[in-house]
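Enquirer: heads up, no residue letters with this:
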Ligand SMILES: Nc1ncnc2c1ncn2[C@@H]1O[C@H](COP(=O)(O)OP(=O)(O)OP(=O)(O)O)[C@@H](O)[C@H]1O
């Protein structure tokens, strides 16, 4: 469906000299696949995406999308090809002076579609993304998630066969991200559209993609099934990304509890906590000017279960003077 055949891209700048953004990339994405591309800032992800919709031409190599030789197409041919290549962006790129409805209608107007067809299509798309009730609102009146829903509806207006997602959830909070990923999955299920998902968030790849490529310094350093790469990352950059997700998860699972204990029991209880520290529990004595001296406050942190268990242990019978603080 999408083929990058030994593609390189060099930006020539009189000021900074040559910047090699992509080095001999070979990538094949199958029809109907959700393919993730991850990499740190500057790895070349955006350049790769811009080659797919013809916004940039490769310095060498060929780019083919759905049988169209994008890298060799004229501007006129590209305009036609881009109708079949939808794109959504991190910062939505909506037209601020147009309503939700008019934003979604825009690509259909550009394609010269008759009014009645536009009306039906926009109504259907707004229903699809759950925004019928906001049709007459302006982008400034919408939440981030709603703006991205408009972006998705607009990207789908001309029934594309490919959807390019450029950090589409990076500006959204975790809950909104989850709902947008769910919507993208539903659209994929309903239409079989091929998706290319560029992100620096491994959680997005994990939840959405079937295969992925990891980029570093203009090259693909590893690619394969998402599950396999998560199970056995080989390249250090892949490993780093996989570990970042584990850290993300652990963070999300972190809980804290404050507990006030008699100072004279501190040594004893500290010993009791020590074995739990091995299981990811942290204990900190909080500096508190209001302490009378006969009590101290401890902050217990860590995974929810472990924190609850540690607090329960501190409160057990022989230490019944422990007073829950919160
Ligand atoms: N128009 C341009 N002119 C010159 N250099 C460019 C241009 N666009 C990108 N670059 C350079 O090409 C390299 C790859 O950039 P690119 O934006 O593709 O990376 P990225 O992985 O998408 O990073 P980010 O997530 O920060 O956008 C970088 O060194 C960047 O500075």
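Expert: That came through, no problem. Model, not experiment: these values are computed from the prediction.

Enquirer: all helices of the stretch 51-200 of the chain, in order?
Expert: Counting by DSSP state H, counting those that start in this stretch, one finds helices in the stretch 51-200 of the chain at the ranges 75-82, 100-110, 115-128, 144-155, 174-191.

Enquirer: and those helices as CSV, adding distance to residue 37, mean neighbour count and mean pLDDT?
Expert: For the C-beta atoms, the positions are set from N, CA and C on the backbone; glycine is no exception. Output for the helices of the stretch 51-200 of the chain, formatted as CSV (distance: least, Cβ to Cβ, whole Å; neighbours: other Cβ atoms under 10 Å; pLDDT from 0 to 100):
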stretch, distance to residue 37, mean neighbour count, mean pLDDT
helix 75-82, 19, 14, 92
helix 100-110, 24, 20, 96
helix 115-128, 26, 15, 97
helix 144-155, 18, 24, 96
helix 174-191, 15, 16, 93
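
Enquirer: redo those as CSV? Include distance to the ligand.
Expert: Shown next, in CSV, are those (distance: least, Cβ to the nearest ligand atom, whole Å):
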stretch, distance to the ligand
helix 75-82, 18
helix 100-110, 24
helix 115-128, 28
helix 144-155, 18
helix 174-191, 17
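
Enquirer: mind putting these into JSON lines with distance to residue 270?
Expert: Below are the helices of the stretch 51-200 of the chain laid out as JSON lines (distance: least, Cβ to Cβ, whole Å):
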{"stretch": "helix 75-82", "distance to residue 270": "65"}
{"stretch": "helix 100-110", "distance to residue 270": "58"}
{"stretch": "helix 115-128", "distance to residue 270": "58"}
{"stretch": "helix 144-155", "distance to residue 270": "45"}
{"stretch": "helix 174-191", "distance to residue 270": "35"}
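
Enquirer: at the contact with the ligand, which residues of the chain appear?
Expert: 11, 13, 19, 21, 39, 41, 42, 43, 44, 45, 46, 47 (Cβ under 6 Å from any ligand atom).

Enquirer: just the buried residues of these.
Expert: Neighbour-count burial (16 or more other Cβ atoms under 10 Å) is assigned, among those, to 21, 39, 43, 44, 45, 46, 47.

Enquirer: leaving out chain neighbours, which residue sits closest to the fifth one?
Expert: Residue nearest to residue 45 in three dimensions, not counting chain neighbours: residue 198, with 4.6 Å by Cβ to Cβ, 6 or more residues apart in numbering.
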